[in-house]
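[1] the sequence and its predicted three-dimensional model are supplied below.
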Amino acid sequence: AGQIYHTTFSIAGPTFFKLTAKDLGFFQTMSGIVGLIANTFVVGAIEKSLSQKSIITLGASILVCTFTAYAYATTLNHLLIIGFISAFPSMAMYTTVTSMVTRGTPREVSATVIGLGHAARSLCGIIAPTIGGYLYKDAGVPGVGYTSAGIMVLAAVWAQTAQVSAPSSKTKEL
């Protein structure tokens, strides 16, 4: 959902939001800085006070709201606010899921499992621009926002209903 949302910036920025290359660069820089701060200072603090499942649920809920807000965004200021708010739950969820995966796998295969997770994210990076482009062409910024919010709702429901458990200490294979 997040990658569909992000991939439309290069298309929607100049055409819909009337942003310059400088504006888009500023937005991307701000997103990177907020992500750095979130991963360095915020995620650890949140994990000390909330369960991993709660972090994912809260993060997904915030992202549903920000993706819906994106459907109504019309200016650079709107994008900056949405980007600032969405960076924190996005980073927290990604880091938490990676942590859950590593804790739930035997040590000898944890690197492989993390690598597969990163490969899945890369695959999303290949597919998302095409989906985002078609959504933007057919439904504009509102369609991208609502679709991203809908995907995040489905992911949140799955996270709440999935029965994921760590393998026993006797497990040798995945």
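    Arrived safely. As the structure is a computational prediction, the values presented were derived from the model and not from experiment.

[2] hmm, who's touching the lowest-mean-pLDDT helix or strand in the chain?
    Least confident helix or strand of the chain, by mean pLDDT, DSSP states H and E, is helix 2-7 with a mean of 81. Residues outside helix 2-7 that contact it (CB atoms under 8 Å, 6 or more residues apart in numbering): 63, 67, 70, 86, 90, 124-125, 128-129, 131-133, 135, 144-145, 147-148, 151. The C-beta positions use only the backbone N, C-alpha and C, and glycine is treated the same way.

[3] can you name the element that comes right after it?
    As assigned by DSSP states H and E, the chain's next helix or strand after helix 2-7 is helix 9-15.

[4] would you mind checking the average pLDDT for the helix or strand following that following helix?
    Where DSSP H and E defines the elements, the next helix or strand beyond helix 9-15 is helix 21-37. Here helix 21-37 scores 88 as its mean pLDDT.

[5] only alpha carbons, please: show helix 21-37 as PDB.
    Extracted in PDB, the C-alpha atoms of helix 21-37 (Å, rounded to 0.1, in the frame of the first residue of the first chain):
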ATOM      1  CA  ALA A  21      11.500  19.100  -9.000                       C
ATOM      2  CA  LYS A  22      12.700  21.100  -6.000                       C
ATOM      3  CA  ASP A  23       9.400  20.600  -4.100                       C
ATOM      4  CA  LEU A  24       9.600  16.800  -4.800                       C
ATOM      5  CA  GLY A  25      13.200  16.700  -3.700                       C
ATOM      6  CA  PHE A  26      12.300  18.500  -0.500                       C
ATOM      7  CA  PHE A  27       9.500  16.100   0.200                       C
ATOM      8  CA  GLN A  28      11.600  13.000  -0.400                       C
ATOM      9  CA  THR A  29      14.400  14.500   1.800                       C
ATOM     10  CA  MET A  30      11.900  15.200   4.600                       C
ATOM     11  CA  SER A  31      10.600  11.700   4.400                       C
ATOM     12  CA  GLY A  32      14.100  10.200   4.600                       C
ATOM     13  CA  ILE A  33      15.000  12.400   7.700                       C
ATOM     14  CA  VAL A  34      11.700  11.500   9.400                       C
ATOM     15  CA  GLY A  35      12.300   7.800   8.700                       C
ATOM     16  CA  LEU A  36      15.900   8.000  10.100                       C
ATOM     17  CA  ILE A  37      14.600   9.600  13.300                       C
END
